[in-house]
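J.: okay, sequence plus prediction incoming.
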Amino acid sequence: MSRAEKKVVIVDDEIPARNLLKEYLLDFPELNIIAECKNGIEALGVINALQPDIVFLDIQMPGKTGFEVLQEMEYIPQLIFTTAYDQYALKAFEVNAVDYLLKPYTKDRFATAISRLLSKGTEALKGIQQLSESFQSKIYPERILVEQGNKLVSILISDILWIEAEGDYTRLHTRQQTYLSNKGIGELEERLDPRQFQRIHRSAIIALGAIKEVHKEASGPQVVLQNGLTLKVSRSYIESIKRLIY
């Protein structure tokens with residue numbers, strides 16, 4: 001597949017609807033269909049595994065609705081909702097879908113949706129990232145989405161060892177690798193469960209579960225993480241560390 005092509009997944013429980021999408025997509029050779037799904041449960045597994053660039057997502061489906069699929073995705077592509085029910089239109093745009101195709105839609109209307117999708121690019125990803133965060137049923141999510149190139153990567157909160165300020169951005173260090181978030185460290189701190197994370201410096205947050213030892217040094221406490229990294233606790237955060245001692 002050439003670099004210009006985008007991977008597409010079609011999700012609809014009706015065969016005629018899937019066939020119509022395939023027919024209309026013939027006019028866009030840069031959009032390559034890699035999978036079709038007939039229900040929400042199948043769609044969730046396929047999207048997370050294949051990580052398509054674009055998903056045409058029906059809303060009323062067996063197993064899981066389109067919105068339920070979206071809520072549980074680990075990987076977030078660009079989305080165009082397709083449905084026969086217009087009462088979902090407002091909600092679709094509230095969650096920053098690129099477009100909403102109300103069945104039956106014409107070939108011209110489909111082409112307009114594709115044009116809108118291709119012009120939005122990374123802005124659509126940012127919008128969908130916000131919608132995914134807004135869908136979280138818990139105050140502190142188990143996963144967060146971080147931009148990596150032209151896609152969003154799902155990171156388990158429990159995999160994060162520590163977080164480091166890097167200018168206006170923040171670098172998240174996990175057990176496997178590091179990721180650069182476009183959020184500031186203060187904003188990330190507000191989104192993290194204080195029972196699991198502790199700020200130890202204006203430029204560093206640590207996962208409490210990643211602490212191996214705390215050394216008492218003349219210059220102040222130093223935290224040793226399970227990966228062997230040693231981080232200094234600044235004077236203004238010493239009391240926070242002391243509260244962890246029993």
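T.: It's in.

J.: beta partners for residue 154?
T.: residue 145 (DSSP bridges).

J.: tell me the pLDDT at it?
T.: If you check residue 154, the pLDDT there is 84.

J.: in the chain, which residue is closest to the centre?
T.: For the chain, residue 145 is the residue whose C-alpha lies nearest the centre (CA atoms, centre = their mean; 3.3 Å).

J.: for the residue nearest to residue 201 when sequence neighbours are not counted, grab the count of nearby residues.
T.: In this structure, residue 201 finds its nearest non-sequential neighbour in residue 234, 4.5 Å apart by CB to CB, 6 or more residues apart in numbering. No exception for glycine: its C-beta is placed from N, CA and C like everyone else's. Here the number of neighbours of residue 234 (other CB atoms under 10 Å) works out to 15.

J.: tell me the contacts of residue 234?
T.: 200, 201, 202, 220 (CB atoms under 8 Å, 6 or more residues apart in numbering).

J.: against the centre of the protein, work out the most remote residue.
T.: Outermost residue of the chain (CA atoms, centre = their mean): residue 218, 42.7 Å.

J.: any idea how far the residue nearest to residue 201 lies from residue 240?
T.: Residue 234 is 10 Å from residue 240, where distance means CB to CB, to the nearest Å.

J.: what sits in contact with each of the two?
T.: Contacts common to residue 234 and residue 240, judged by CB under 8 Å, 6+ apart, are residue 200.

J.: so what's the residue farthest from the centre of the chain up against?
T.: By CB under 8 Å, 6+ apart, residue 218 has no neighbours at all.

J.: give me the phi and psi for it.
T.: Main-chain dihedrals, residue 218, degrees, to the nearest 10: phi -60, psi -30.

J.: then the one 10 residues further on?
T.: Residue 228 has phi and psi values of phi 90, psi -10 when expressed as degrees, to the nearest 10.

J.: and it, what's its pLDDT?
T.: The model's pLDDT for residue 228 equals 92.

J.: what does the one 4 residues further on give?
T.: Predicted confidence (pLDDT) for residue 232: 92.

J.: hang on, it packs against residue 222?
T.: Yes - applying CB atoms under 8 Å, one finds residue 232 in contact with residue 222, separated by 5.4 Å.

J.: about what we covered before: among the contacts of residue 234, which are in strands?
T.: Counting by DSSP state E, those place 200, 201, 220 in strands.

J.: leaving aside the residues adjacent along the chain, what's closest to the last one?
T.: Spelled out, it's residue 220. residue 233 (5.8 Å).

J.: which residue packs closest to residue 231, ignoring adjacent ones?
T.: residue 223 (5.0 Å).

J.: likewise for residue 114?
T.: Nearest to residue 114 is residue 28, by CB to CB, 6+ apart, at 5.8 Å.

J.: which SSE is that neighbour in?
T.: For residue 28, there is no helix or strand it lies in under DSSP states H and E.

J.: neighbours around it, how many?
T.: 17.

J.: relative to residue 74, how far out is it?
T.: From residue 28 to residue 74 the distance is 27 Å (CB to CB).
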